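# Return atomic coordinates for the entry below.
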Amino acid sequence: MKFSLVTPVYNMEAYIAETIRSVIAQEGDFDLEYTLVNDGSTDRSESIILGIKKELETGTLRSGARNFKLSYVKQQNQGMYAAINNGFSAADGDVLSWLGGDDKYAPGGLQAIANWFSSHPESNWAKGLCGFIDEHGKVIREGIYKTYYRDWLQKGIYGRETYFVEQESTFWRAQLWRKVAPIPVHLRSAGDYWLGIQFAKHASLDSIHERTTYFRIRPGQISSQNAKYRGEQQSIMPKRSLTAYKVRLFSILSNKIPSLSPVWHVLYKCMFPTRILPPETK
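Sure thing, here's the model as predicted:
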C-alpha cells in the first residue's frame, strides 16, 4: 500500500518541523510520498522544510516507512485548498489525506490505517481517533470514537448540528478523491465540510478504534474563526431537513443541561430509534 499525504503550509515556522517529523517517524509496511506545499509563506517555513529535506537526503534522518519520498512545492499565496489540490495533482498513492501544518500523526497511526484498508477492501473512506494538543504540543484530550451516518453526512449535519468530522484523521482511497476533486478554491476555511458532503455521495465513512492524529488548538488558526467557517458552511450545506432540525434541537438541549443525560438518552432513542447515541451523551 502507498500513502500520498499533503501538508499545506502558510507561515508555520513554529510548528512545521514537529508536523513533518511526525510523518517521517511513521513506521510500517507501506510506501509513503509526502508533499509539502508552501502557499507563499513569509516566515522561516521554507528554510525549516528544506533543512529537514536535506537531513533525509544525507541520511542523517530516516523514515520508518518501507519507501519514503518528501517533495517540496512552492506557490504564490492562493489559499489552503489551492495548495491541497496542487499537492494531490501528481499523487499516485492508493490512500490519500492531508495534514495541517501545525497538526501531527500519532505513533503507529498510518499503520493502523493501512491495516484497515488492507483488511476492508470494500471501504473507501475511513476515520481514526483524533486527539487534541495545545500550542506547545501537550495532549489536552485523547480522541473519542464517533459514528457517522452516510445520510447525515450527505445532509451536512456533522459539523453543523452535531459533532465534526475531524478531517486530519480521515483517509480515503484515490479513486474516491478523483470522483469529487478538486476542492473549490474560493473556499478558505470550510473545504473539509464541502469534501465530506461530496464524499458521502459515493461512500460511507467508517470509524475505527485507532489513534491516528492530533489536532493543535492555538490562537489565530483558521478553524478558530468560527463566524467565517459558519458563513462558508451556509453557502455549502444542502437545504435543512427535518432530521437536521431534530439533531440541532437534541444537541442544544443535551449540551445545555448535561446532568440530565438519562433523559437525553430516552429522548434520543425516541427521536432517532435506529441510531447510536452520540459519544458525548454516553
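# what about the longest strand that the chain contains, average pLDDT?
Longest strand in the chain by number of residues (criterion: DSSP state E): strand 206-216. Across strand 206-216, pLDDT averages out at 97.
# right, and the helix or strand after it?
Per DSSP states H and E, the first helix or strand lying C-terminal to strand 206-216 is helix 226-236.
# Just give me the neighbour total for the spatially closest residue to V185 that is not a sequence neighbour.
Among residues not flanking V185 along the chain, A82 sits closest, at 4.5 Å (CB to CB, 6 or more residues apart in numbering). No exception for glycine: its C-beta is placed from N, CA and C like everyone else's. For A82, the tally of surrounding residues (other CB atoms under 10 Å) stands at 23.
# pretty sure A82 is in a strand, no?
No - counting by DSSP: H, G, I helix; E, B strand; the rest coil, A82 falls outside a strand, being helix.
# Return the per-residue confidence for it.
For A82, pLDDT reads 98.
# what's the spacing between it and S261?
44 Å (CB to CB, to the nearest Å).
# T58 too?
56 Å.
# Between those two, tell me which one has more neighbours.
Per other CB under 10 Å, whichever of T58 and S261 has more neighbours is S261, with 14 against 8.
# Look up which helix or strand the more buried one falls in, please.
Using DSSP H and E, S261 sits within helix 261-271.
# Wait, the residue nearest to V185 touches P184, no?
No - with contact defined as CB atoms under 8 Å, A82 does not count as touching P184 (9.8 Å).
# what sits in contact with each of those two?
Residues touching both A82 and P184 by CB atoms under 8 Å, 6 or more residues apart in numbering: none at all.
# Parallel or antiparallel, list what pairs with the longest strand of the chain.
Sheet pairing here is set by DSSP bridges, and for strand 206-216 it gives strand 104-105 (antiparallel), strand 125-133 (parallel).
# can you list these in TSV and add mean neighbour count?
Below are these laid out as TSV (neighbours: other CB atoms under 10 Å):
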stretch	mean neighbour count
strand 104-105	24
strand 125-133	22
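# and of the ones you listed, who's closest to S47?
When these are compared by CB to CB, strand 104-105 sits nearest S47, at 20.1 Å.
# pLDDT of the closest one, averaged?
98.
# got a list of contacts for it?
Taking CB under 8 Å, 6+ apart as the rule, strand 104-105 contacts 18-19, 22-23, 25-26, 99, 133, 137, 212-214, 216.
# can you rerun that using 10 Å?
5, 15, 18-26, 97, 99, 113, 128, 131, 133, 137, 168-169, 211-216 (CB atoms under 10 Å, 6 or more residues apart in numbering).
# Over to stretch 216-232?
So stretch 216-232 is contacted by 10-11, 14-15, 18-19, 79-80, 100-104, 132-137, 140-141, 159-160, 164, 167-168, 184, 186-194, 215 (CB under 10 Å, 6+ apart).
# again with stretch 45-61
Applying CB under 10 Å, 6+ apart, the contact partners of stretch 45-61 are 7, 9-17, 20-21, 24-25, 34, 36, 38-39, 41, 44, 62-63, 68-72, 74, 101.
# Check the offset of it from the chain's centre.
Centroid separation between stretch 45-61 and its chain, computed with CA atoms, centre = their mean, to the nearest Å, is 25 Å.
# Could you give the average pLDDT over that stretch?
Computed over stretch 45-61, the average pLDDT equals 97.
# So for that stretch, what gets flagged as buried?
Going by neighbour count (16 or more other CB atoms under 10 Å), the buried part of stretch 45-61 is 45-46, 48-49, 52-53, 56, 61.
# thinking again about what came up before, go through the contacts of stretch 45-61 and flag which are in helices.
Of the contacts of stretch 45-61, the ones assigned to helices by DSSP state H are 16-17, 20-21, 24.
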